[in-house]
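Trainee: Pasting the sequence and the predicted coordinates here, then a few questions.
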Amino acid sequence: MPDLRTLKIGFVSGSANHNIVKKPTSVRWLLVLLWSFAAGLTALTWLHVSQLERDAREREIIAAKRDLSNLSRLMQEHAVRTLHSADQVLRFIQAGYKSVGMRLDLNKQIDLGVIDAGIFNQIGVINAAGIYVIGNQTVTPHIDLSDREHFKVHLKDTGDQIFISKPMLGRASGKWSIQMTRRITGRNGEFLGVAVVSLDPAYFSQFYGELDIGSNGLMALYGLDGLARVRKIGAENNFSSDMSRSPYFNQMVSSMAPGGFTTRSVVDHIERMYFYRRIPDFPIIVLAAIETRMMHMHSDSELTALKTQAWLVTLLIIIVSATLTYYFKSVLRFVGAIQLAQSKIEDQVQQLDTVFQLSPGGFLSFDPEHRVSFANPASSSLLGMPLNALIGIGEDDVERLFGTHSDTGQPIISLATLRSDARQHSGTAFRKIVPPGPLKRALAIQMRLSQSASVSQILHLRDITLETEVELLKSEFLATAAHELRTPMASIYGFSEILLQPDTDDDLRKEAAEIIYRQSGVMVTILNELLDLARIESRGDSDFKYELVTVGGLITDIAHHFKTPANRQGPVISGAGLNATVKGDKSKLRQAFLNVISNAYKYSPGGGPVQVDIQTTSLDGVGKVEVSVRDFGIGMTEDQLGRIFTRFYRADTSGAVPGTGLGLSITKDIIALHKGEIKVQSQAGVGSVVIITLPESS
Ligand code: ADP
């Protein structure tokens, strides 16, 4: 029994639906899209991170520049103040020495508060010979400073520029000092000497030490000669630096505008951001620098946190994408399985559809309201109603189509009763009906209840008319055969009894024995012919021995051996087809022709010739051999003629002619197996012609 759900799919849709599921390629595209999106999202995240990093770096640089600018401004202020106060002292010494010469008492001036020498290692005068002659501290006699640059520079140059030396160990003070000097020029422009203020570089470095610029930060004062006057890196003081060859030095001295640059030190290989300022009125440049690493340190931790978050986001994107991929692939597999199942279902539906279309059995399926929801072509022809008209009709209408009893008007079959039968017999019930009406059909009806939600029951209709007729014929045949055998048997039985009577006279005994003998012969003939028929029907021509048979020769031979009744002539054989040949089993053909010739004699008791005419004909290019056996006997009425091939049928019921009524049936079967044909023309009281046609063969 087919699956009703499957049936429904096939019938409702009418044809296989190929577009129920999407193609797997679209899911593949979806995956490509997903991973492209994931890659895009990741790229965006990292672009954003790098943008933030750039912004942070820029902010840091701006902040660092601002800090350095402020710091250098502070250093500049500090330096300006210091240098100015030193210069004031220098001016004082310059003027004092010029006017009073060696009588200039600096200590007295300090005590009077005219000059403040607190921040200076020493103040004093070097005379025109280069001898340190006046000082605020006890002057060691004859210290010769004529070789010192801060002396020599004024000797050469008559201008009034201040000179600021690089740090050196003071011979007068015995301390590291920056010597600030001015030329003392006499009234007539003669060189009188040099006013000296020794500035302790530590004064600057201590101040710088109070400013936090990191362990590798740099604060320095450079002269326009490129040599460091003060230079502090972290906690270390180092004055021996020469910037004159640095590529940035020109930039530093060429203008008064402050500026900056970033470079890596060739000495300690640390990258720093530098900021410089020229000190107005003094040949000094302030230089401050911070280590770029330090500069970034603050935002580094923030950026690390940001990058960690970005990594987490990336990881999340990958996990989500991988999960979705896994999900989509599962969907893909699922879709594949569905498609496979779908195509199997489609195949099954196709097969079932074909089966239902071609099936000789009728199928009617009913919906839950017991209305016909499907009918196949066979059911339409079995019920004599167009297919379209069957769909939707109820059980009453179906019962009506099966037919109603004309006398009671009741349905010939009740589907409700059939259903209740089915419920009691595992869902299936069966009926045979012979609906009244012109169709004269016998139907086998099987009902099967369905478990499906859309189908309540299915009816299977089978045309059993032929089977029923065959059954009927068989039983009729058996009854006739039994009857035919019983007649001679009854005679044999009765006359045997007479034979057994001791007082039966000899004449009667003889007559009884003769009758018994004759009737036994009849029985033997009937049984032989029945056996012949049975054999032919069950085996067909499987035990026939086919050979080329000359029809004229065969019939002449039959005539030759035929026991012609007394006072009768043998059959007159003639015709153009005497030499025609057919392919056949000689003994079977002999049996067939003998039977017909024998009948011609049997049923022409009044005499007359029996003529056998053999002709060849051609129909549609196929050669035929036609044998006509004609007699001028009793003939048959039309009604008798119509029944002569029915087994045991005998038109002549007088009993005068012996026979079984089986001969022509056997003949017909033999000729049919030779692909031939037998026809009989007859007229009562005139005679009969039996015409046997066989395919010619050579
Ligand atoms: P049977 O043994 O009775 O001859 P057949 O099958 O040979 O049986 O013939 C069936 C019946 O057909 C015969 O009983 C007879 O009534 C009729 N019949 C056959 N051949 C002829 C014929 N040549 N003329 C008239 N009737 C015939």
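Mentor: Received it, and whenever you're ready, just let me know what you need.

Trainee: Whichever residue of the chain sits closest to the ligand: what's its closest spatial neighbour, skipping adjacent residues?
Mentor: Among residues of the chain, the one nearest the ligand by CB to the nearest ligand atom turns out to be Gly659. It sits 2.5 Å away. (Glycine included, C-beta is placed from N, CA and C.) Excluding the flanking residues, the one nearest Gly659 by CB to CB, 6 or more residues apart in numbering is Arg650, at 6.0 Å.

Trainee: With Phe207 instead?
Mentor: His78 (5.8 Å).

Trainee: How about Met295?
Mentor: Ala64 (4.5 Å).

Trainee: Same question for Phe374.
Mentor: In space, Phe374 comes closest to Ser365 once its chain neighbours are excluded; the distance is 4.4 Å by CB to CB, 6+ apart.

Trainee: Helix, strand, or coil at the one you found?
Mentor: Under DSSP: H, G, I helix; E, B strand; the rest coil, Ser365 falls in the strand class.

Trainee: Verify the stated contact: it with Val455.
Mentor: Yes. Using CB atoms under 8 Å as the test, Ser365 is close enough to Val455 to be in contact (5.1 Å).

Trainee: So for the host helix or strand of Tyr493, what gets flagged as buried?
Mentor: Tyr493 belongs to helix 465-500 when elements are defined using DSSP states H and E. For helix 465-500, burial by neighbour count (16 or more other CB atoms under 10 Å) applies to 468, 481, 484, 488, 491-492, 495.

Trainee: The residue of the chain closest to the ligand belongs to a strand, doesn't it?
Mentor: No. Assignment of Gly659 by three-state DSSP gives coil, placing it outside any strand.

Trainee: contacting residues for it?
Mentor: Listed by CB atoms under 8 Å, 6 or more residues apart in numbering, the contact partners of Gly659 are 602, 650, 652.

Trainee: In helices only, show me these.
Mentor: Mapping the contacts of Gly659 onto helices (DSSP state H) picks out Lys602.

Trainee: Dump the contacts of Gly659 into JSON lines; add distance to the ligand and neighbour count as well.
Mentor: As requested, the contacts of Gly659 are arranged in JSON lines below (distance: CB to the nearest ligand atom, whole Å; neighbours: other CB atoms under 10 Å):
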{"residue": "Lys602", "distance to the ligand": "6", "neighbour count": "18"}
{"residue": "Arg650", "distance to the ligand": "3", "neighbour count": "18"}
{"residue": "Asp652", "distance to the ligand": "4", "neighbour count": "16"}
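
Trainee: okay, who's weakest in the contacts of Gly659 by pLDDT?
Mentor: Looking at pLDDT alone, the contacts of Gly659 dip lowest at Asp652, where the score is 80.

Trainee: and the protein, which residues reach the ligand?
Mentor: Counting by CB under 6 Å from any ligand atom, the chain comes close to the ligand at 595, 599-600, 602-603, 631, 633-636, 644, 650-652, 659-664, 682, 688.

Trainee: Where does Gln122 sit: helix, strand or coil?
Mentor: Under the three-state scheme (three-state DSSP), Gln122 adopts strand.

Trainee: Can you give the contact residues for stretch 235-254?
Mentor: Stretch 235-254 is contacted by residues 166-167, 176, 201-202, 205, 209, 215, 220, 222, 224-232, 259, 261, 263, 274, 276, 278, 285, 287 when judged by CB under 8 Å, 6+ apart.

Trainee: Throw the buried residues of helix 465-500 into TSV and include pLDDT, thanks.
Mentor: Supplementary listing: the buried residues of helix 465-500 in TSV, determined by pLDDT from 0 to 100:
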residue	pLDDT
Thr468	82
Ala481	84
Glu484	84
Pro488	88
Ser491	91
Ile492	93
Phe495	93
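
Trainee: so which of these comes closest to Val194?
Mentor: Ranking those by separation from Val194, with CB to CB as the measure, puts Thr468 on top at 154.7 Å.

Trainee: which residues touch that closest one?
Mentor: The neighbourhood of Thr468, defined by CB under 8 Å, 6+ apart, consists of 434, 442.

Trainee: same question, Ser414
Mentor: Applying CB under 8 Å, 6+ apart to Ser414 gives the contacts Glu399.

Trainee: Tell me the pLDDT of it.
Mentor: Listed pLDDT for Ser414 reads 90.

Trainee: where does this protein have low pLDDT?
Mentor: With pLDDT under 70 as the threshold, the chain has low-confidence stretches at 1-25, 139-140, 404-409, 436-440.

Trainee: Give me the outermost residue of it relative to its centroid.
Mentor: Note on the chain: the largest C-alpha distance from the chain mean falls to Arg103, namely 113.2 Å (CA atoms, centre = their mean).

Trainee: ok, which stretches of the stretch 51-200 of the chain are strands?
Mentor: Counting by DSSP state E, counting those that start in this stretch, one finds strands in the stretch 51-200 of the chain at the ranges 120-127, 131-135, 143-144, 163-164, 168-169, 176-185, 191-199.

Trainee: Over to the stretch 501-650 of the chain?
Mentor: 546-550, 572-574, 581-585, 611-619, 622-631.

Trainee: In CSV: those strands, plus distance to Leu473 and mean neighbour count.
Mentor: Output for the strands of the stretch 501-650 of the chain, formatted as CSV (distance: least, CB to CB, whole Å; neighbours: other CB atoms under 10 Å):
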stretch, distance to Leu473, mean neighbour count
strand 546-550, 30, 15
strand 572-574, 37, 14
strand 581-585, 27, 21
strand 611-619, 32, 17
strand 622-631, 28, 21
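
Trainee: Switch the strands of the stretch 51-200 of the chain over to TSV; also include mean neighbour count and distance to Pro695.
Mentor: Rendered in TSV, the data for the strands of the stretch 51-200 of the chain read as follows (neighbours: other CB atoms under 10 Å; distance: least, CB to CB, whole Å):
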stretch	mean neighbour count	distance to Pro695
strand 120-127	25	154
strand 131-135	22	162
strand 143-144	14	162
strand 163-164	22	146
strand 168-169	13	149
strand 176-185	24	147
strand 191-199	26	149
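
Trainee: Of all those strands, which one comes closest to Gly521?
Mentor: With CB to CB as the yardstick, what comes closest out of those is strand 176-185 (169.6 Å).

Trainee: Can you list the strands that the closest one pairs with?
Mentor: According to DSSP bridges, the neighbouring strands of strand 176-185, each with its direction, are strand 163-164 (antiparallel), strand 168-169 (antiparallel), strand 191-199 (antiparallel).

Trainee: Also compute the angle for it relative to strand 120-127, please.
Mentor: Relative orientation of strand 176-185 with respect to strand 120-127: 30 degrees, computed using axes from the mean of the first three to the mean of the last three CA atoms, to 10 degrees.

Trainee: so how far is strand 176-185 from its chain's centroid?
Mentor: Averaging C-alpha positions (CA atoms, centre = their mean, to the nearest Å) puts strand 176-185 95 Å from its chain's average.

Trainee: Confirm for me that Ser299 is in contact with Glu60.
Mentor: Yes. Counting by CB under 8 Å, Ser299 touches Glu60, with 5.8 Å between them.

Trainee: Just send the strands paired with strand 176-185 back as CSV, with distance to Ile123 too.
Mentor: As requested, the strands paired with strand 176-185 are arranged in CSV below (distance: least, CB to CB, whole Å):
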stretch, distance to Ile123
strand 163-164, 15
strand 168-169, 16
strand 191-199, 5
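
Trainee: could you dump the strands of the stretch 501-650 of the chain to a markdown table with distance to His142?
Mentor: Output for the strands of the stretch 501-650 of the chain, formatted as a markdown table (distance: least, CB to CB, whole Å):
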| stretch | distance to His142 |
| --- | --- |
| strand 546-550 | 166 |
| strand 572-574 | 188 |
| strand 581-585 | 167 |
| strand 611-619 | 169 |
| strand 622-631 | 165 |
